[in-house]
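1. Pasting a predicted model and its sequence here:
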Amino acid sequence: MTVAERLEAVRARIAAAGGTGVRIVAVTKGFGADAIEAAVAAGCLDVGESYAQELLAKMPAVRGPSPVVHFIGHLQTNKVKHLAPVVDVWQSVDRVAAIDAIERHAAPGSAVLVQVNVSGAPQQGGCEPEATPALVEAAANAGLHVAGLMAIGQAGAAVDAGAGFRLLRRLVDDLGLAECSMGMTADLEVAVQEGSTMVRVGTAVFGPRPTARSHQRAVQAN
C-alpha cells in the first residue's frame, strides 16, 4: 500500500470509531525525508518526531511544502535551542524545566501540549495528573500557548487504555483546553471514542519501522 492509501485507511478507522475533525500526526520516526514528503502530498500536514538528532538531520532534506512539525518524544532541555527553528508544536512538555527552555529559545506564544502520565508507567513519561493544572498555568505564565494535553495509552490490549484516555479527556475539559492528543496505531479507535482530537500514528501510515541500519542509510541518502 502507498502512504496515501494507508492514510485513507486510518481516516476510515477514525470515522468508523465516530471521530470527526480528528487530526492525524504522521509519526515519521525511523523513516527518511521522503516519508514526510509522501505524507504531505497525501494531505497529512502534521508530522511527529521523537528524536532531536533525527529530526535535525531529516528536515533540511524535505522538498516541497513544509509540514507542521510536532516534537513528541522526551524533551531534553539542552536540545531545545537546536530544535526551536524547526518545531511548531511541543507535545511532550512534562516539567517546568522544559517550559523554561522553550520560553528561552522558542518564539513567544509557541504551541505546547502538556504530557500527562495516565497509565502510571514511569517509562511513558508525563507529569502526574494532579500536577497538570499547575504545569498548564506555568506554561501560560511563561507566554506559551497551551493548546491542550497529550498522553500515551496504557500498554497491552487497546481496551485497557480506555480509563487513562477518559482521565485525559476530563482534564482537558476541566482546564478548558482545545486539544486532546491521544491514540496511536494500536489504540486509536479507543482514543477517538474517548474524545481524542489528535492521533499520533506511525506504523499504520508508513508500515513497519526500518531497522536501525536501513534507517541510517535512508537518512544519509537524503
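-> Sure thing, it's come through. Predicted, not measured: the structure shown is a model, and the values here were computed from it.
2. Only C-alpha atoms from now on, for both contacts and neighbour counts.
-> Noted.
3. Beta-bridge partners for Met150, please?
-> Gln115, Ser181 (DSSP bridges).
4. Does it touch Gln124 like I think?
-> No: using CA atoms under 8 Å as the test, Met150 is too far from Gln124 to be in contact (11.4 Å).
5. Between those two, tell me which one has more neighbours.
-> Met150 (31 against 18; other CA atoms under 10 Å).
6. List the contacts of that one.
-> Gln91, Ser92, Leu113, Val114, Gln115, Val116, Leu168, Cys180, Ser181, Met182 (CA atoms under 8 Å, 6 or more residues apart in numbering).
7. Not counting sequence-adjacent ones, nearest residue to Lys29?
-> Spatial nearest neighbour of Lys29, chain neighbours left out: Glu49 (5.5 Å); criterion: CA to CA, 6 or more residues apart in numbering.
8. neighbours around Phe31, how many?
-> A total of 25 residues lie near Phe31 under the criterion other CA under 10 Å.
9. Mind pulling the model confidence for it?
-> The score at Phe31 is 94. That number is its pLDDT.
10. Repeat that for Thr197.
-> Reported pLDDT for Thr197: 98.
11. And for Asp160?
-> pLDDT recorded at Asp160 is 86.
12. out of everything not next to it in sequence, what's closest to it?
-> Distance criterion CA to CA, 6+ apart; nearest residue to Asp160, sequence neighbours excluded, is Gln154 at 6.3 Å.
13. Report the contact partners of the one you found.
-> Gln154 touches Val118, Ser119, Ala121, Asp160, Ala161, Gly164, counting by CA under 8 Å, 6+ apart.
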